[in-house]
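Visitor: Model the structure of this input:
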Amino acid sequence: MSRHRDRPYRLGDAPRILSREECDAIAERVFRFARGRASDTRVGIWSWWQGEMRWGRNRVSLASDRRDVIIKIWRGSPFGSYGSALTNQVDDVSLEAAVRAAERELDLMDEDPPAAYLPPLPTLEQPKTSIWSDATYGLTTEARGEVARALVDSAEAKGMLSAGYAEVRAAAKAIISSEIRAGRPSMFETPYTAWTHAQCSMTVRDQQGTGSGWAGLSAYDWKKIDAPALAERALDKCLRSRNPVGLEPGRYTVILEPQAVADLIESVVGWLSDRERAEQGHGPFVLGGDDVLGIVRTKLGLKVVDERITISHDYADPALGIVHEVGAGTAPVTWIDHGVLTALSYPREYGLAMLGESSGLRGTTGYRMSGGDTSIDEMIQTTKRGLLVTRFWNVGTFDEHSLLSTGLTRDGLWLIENGKITKPVKNFRFTESPLFVLNSIEQLGTPVPVFRPTASGSGELTPAIVPPLKARDFSFTSLVDAV
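Guide: Numbers count the residues shown, from 1 in each chain. Predicted coordinates:
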């Protein structure tokens with residue numbers, strides 16, 4: 001029995017994610033195992049590492065380093081049918097077993113007749129994205145612990161309680177096709193891509209539970225996250241939000257900090273990624289049905305929000321480093337251009353079948369929203385009576401056409417009177433459409449990165465750069481008895 005059971009268990013010094021060469025070697029082994037009637041073999045390889053630190057009530061509750069690999073094997077017929085299998089083992093026995101499982105699934109499928117077969121599309125040129133940070137990859141458990149300790153100390157020094165989370169992650173993916181290796185085109189090849197991701201968020205509350213402050217940020221480079229500045233902001237919001245007063249619900253002029261803007265417009269951003277659904281009559285960008293032509297017309301080409309609003313993404317934008325989407329091509333995309341809906345995203349298959357295009361249009365995984373030059377202080381100074389909102393929480397949509405939504409304010413809400421913040425306010429529930437807000441803008445500030453760390457379940461970057469804004473007639477419908 002080891003005498004050092006009190007020491008933390010550490011993974012070996014092996015690389016935390018698979019390299020390009022290791023992925024190629026795994027794929028070549030899979031190709032050798034393939035046999036039977038299938039003509040194409042694809043190997044998707046995903047590997048990831050995650051280091052995290054979580055704390056609550058000023059005490060660390062979780063410190064971990066995790067890593068895993070997922071290998072998906074497809075075996076395809078000449079006419080487009082595919083069987084697949086998954087494994088997280090890279091030894092020969094496991095890989096061969098996964099190949100056999102994929103072939104068995106393929107054997108159970110009915111073949112389409114040759115007349116229905118479409119040859120594969122040529123491989124698209126994929127962008128080279130610069131979203132790797134050695135600072136993120138190299139942040140050790142000890143270093144994360146030092147960060148957490150410093151953030152906790154800043155709250156404890158003021159007699160406050162803190163909770164937070166710091167995470168660093170690295171991942172790599174590749175989809176390798178035997179067709180490419182044989183010199184034939186394949187639309188399924190995805191070049192090896194590796195990326196990093198970091199996030200840090202912190203909530204500070206007073207001992208009596210009457211004040212709460214929050215701050216957070218996510219980026220691919222840990223050096224872009226100023227953890228002490230986040231802690232200072234969260235602590236300041238907590239101290240200033242103690243002992244809030246209750247106000248009557250109603251319509252107020254609001255100043256939304258950038259995080260609140262991102263929280264509110266998430267539903268708008270999501271529908272920008274779904275042209276297919278819009279043309280089937282769903283979502284806020286449907287204009288109406290055309291009974292003569294038997295189609296659904298969308299609002300493409302029409303003004304949908306304030307003319308100062310543009311929502312876009314460009315691979316060349318260094319602040320929006322992002323993993324590419326298969327079949328989306330490399331072109332920049334502007335979904336809303338000075339208030340006008342100019343694009344709705346779609347997959348490559350839809351572009352081929354419906355639009356006569358060989359590529360898709362990338363979705364809003366990451367985006368930049370235009371802004372102005374008005375600071376939050378200037379917005380406050382020009383407000384006779386209104387509310388300053390830190391962020392929203394638990395936002396849900398009632399109606400897909402109007403995007404009427406509800407949610408709660410959280411972690412800091414203040415009353416503004418005659419150009420000054422006068423007192424903290426109890427949290428409200430709101431019932432409002434983000435489209436209404438984007439058509440009621442009075443002032444816009446400078447866009448900044450916000451906390452929007454990952455798409456659900458994907459582990460990939462979902463960066464957003466948005467401005468603060470001032471809008472009129474925002475509807476708060478009831479008080480919420482929570483900080």
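Visitor: Helix, strand, or coil at the residue nearest to residue 223 when sequence neighbours are not counted?
Guide: Residue nearest to residue 223 in three dimensions, not counting chain neighbours: residue 135, with 4.7 Å by CB to CB, 6 or more residues apart in numbering. In short, each C-beta sits where N, CA and C put it, glycine included. Classification of residue 135 by DSSP: H, G, I helix; E, B strand; the rest coil places it in helix.
Visitor: Show the contacting residues for residue 135.
Guide: Contacts here follow CB atoms under 8 Å, 6 or more residues apart in numbering; on that basis residue 135 touches 221, 222, 223.
Visitor: how about a markdown table for those residues, with neighbour count, secondary structure and distance to residue 151 added?
Guide: Output for these, formatted as a markdown table (neighbours: other CB atoms under 10 Å; DSSP: H, G, I helix; E, B strand; the rest coil; distance: CB to CB, whole Å):
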| residue | neighbour count | secondary structure | distance to residue 151 |
| --- | --- | --- | --- |
| 221 | 16 | coil | 19 |
| 222 | 25 | helix | 14 |
| 223 | 12 | helix | 17 |
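Visitor: For residue 89, state which of these is nearest.
Guide: residue 222 (31.3 Å; CB to CB).
Visitor: gap between that closest one and residue 381?
Guide: 36 Å (CB to CB, to the nearest Å).
Visitor: per-residue confidence for the residue nearest to residue 223?
Guide: Model confidence at residue 135, given as pLDDT, is 93.
Visitor: Name the nearest of the contacts of residue 135 relative to residue 469.
Guide: Among those, residue 221 lies closest to residue 469 (CB to CB), at 26.9 Å.
Visitor: tell me the contacts of residue 466?
Guide: 258, 261, 262, 265, 368, 369, 371, 447, 448, 450.
Visitor: nearest residue to the last one other than its sequence neighbours?
Guide: The shortest distance from residue 450 to any residue other than its chain neighbours is 4.6 Å, reached at residue 262 (CB to CB, 6+ apart).
Visitor: Rounded mean pLDDT for whichever strand or helix holds that neighbour, please.
Guide: Using DSSP states H and E, residue 262 falls within helix 258-264. What helix 258-264 shows for mean pLDDT is 97.
Visitor: Equivalent analysis for stretch 197-214, please.
Guide: Stretch 197-214 comes out at a mean pLDDT of 93.
Visitor: Next: stretch 470-480.
Guide: Taken as a whole, stretch 470-480 has an average pLDDT of 96.
Visitor: which outside residues touch that stretch?
Guide: With contact meaning CB under 8 Å, 6+ apart, stretch 470-480 is reached by 246-247, 249-256, 374, 379, 382-383, 386-387, 406, 408-409, 426-432, 437, 440-444.
Visitor: Looking at those residues, which are in strands?
Guide: 250-256, 386-387, 406, 408-409, 428-432, 441-444 (DSSP state E).
Visitor: buried subset of those?
Guide: For the ones in strands among the contacts of stretch 470-480, a burial check counting by 16 or more other CB atoms under 10 Å picks out 252-256, 386-387, 406, 408-409, 428-430, 432, 441-444.
Visitor: Max pairwise distance over the contacts of residue 466: which two?
Guide: Distance extremes for those: the farthest pair is 265 and 448 at 14.8 Å, using CB to CB.
Visitor: Neighbour count: those two, which is higher?
Guide: Taking neighbours as other CB atoms under 10 Å, residue 265 and residue 448 compare with residue 265 leading, 27 against 16.
Visitor: show me the contacts for the residue nearest to residue 450.
Guide: Residue 262 makes contact with 450, 451, 452, 464, 466 under the criterion CB under 8 Å, 6+ apart.
Visitor: one more time with 10 Å
Guide: 256, 269, 367, 369, 391-392, 449-452, 464-466 (CB atoms under 10 Å, 6 or more residues apart in numbering).
Visitor: Relative to residue 53, how far out is it?
Guide: Separation of residue 262 from residue 53 (CB to CB): 24 Å.
Visitor: same deal with residue 390?
Guide: Taken as CB to CB, the span from residue 390 to residue 53 is 24 Å.
Visitor: For residue 73, which residues count as its bridge partners?
Guide: residue 43, residue 85 (DSSP bridges).
Visitor: can you pull out the strands in the stretch 1-150 of the chain?
Guide: Counting by DSSP state E, counting those that start in this stretch, the stretch 1-150 of the chain has strands at residues 40-56, 59-76, 82-87.
Visitor: for these, which one sits closest to residue 362?
Guide: Residue 362 lies closest, by CB to CB, to one member of the strands of the stretch 1-150 of the chain: strand 40-56, at 19.7 Å.
Visitor: list the buried ones in that closest one?
Guide: Residues of strand 40-56 classed as buried by neighbour count (16+ other CB under 10 Å): 40-53, 55.
Visitor: quick check, nearest of these to residue 344?
Guide: Nearest to residue 344 among the buried residues of strand 40-56, with distances taken as CB to CB, is residue 44, at 27.7 Å.
Visitor: CSV please, covering the strands of the stretch 1-150 of the chain and showing distance to residue 345 and mean pLDDT.
Guide: Below are the strands of the stretch 1-150 of the chain laid out as CSV (distance: least, CB to CB, whole Å; pLDDT from 0 to 100):
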stretch, distance to residue 345, mean pLDDT
strand 40-56, 22, 91
strand 59-76, 24, 90
strand 82-87, 25, 88
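Visitor: wait, which of these is closest to residue 417?
Guide: The nearest among the strands of the stretch 1-150 of the chain, by CB to CB, is strand 40-56 at 35.8 Å.
Visitor: Return the distance of that closest one from the chain's centre.
Guide: Chain-centre distance of strand 40-56: 16 Å, with CA atoms, centre = their mean, to the nearest Å.
Visitor: Output it as CSV, restricted to C-alpha atoms.
Guide: Below are the C-alpha coordinates for strand 40-56, written out as CSV (Å, rounded to 0.1, in the frame of the first residue of the first chain):
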residue,chain,number,x,y,z
ASP,A,40,-16.2,4.8,-47.6
THR,A,41,-14.8,4.9,-44.0
ARG,A,42,-14.9,8.1,-41.9
VAL,A,43,-13.2,8.5,-38.6
GLY,A,44,-14.2,11.4,-36.3
ILE,A,45,-11.8,12.0,-33.4
TRP,A,46,-12.5,14.3,-30.6
SER,A,47,-10.2,14.7,-27.6
TRP,A,48,-10.5,17.2,-24.8
TRP,A,49,-9.0,18.2,-21.4
GLN,A,50,-10.6,20.3,-18.8
GLY,A,51,-9.2,21.8,-15.6
GLU,A,52,-11.6,23.5,-13.2
MET,A,53,-11.8,25.1,-9.8
ARG,A,54,-15.2,25.7,-8.0
TRP,A,55,-15.8,27.4,-4.6
GLY,A,56,-18.7,28.4,-2.4
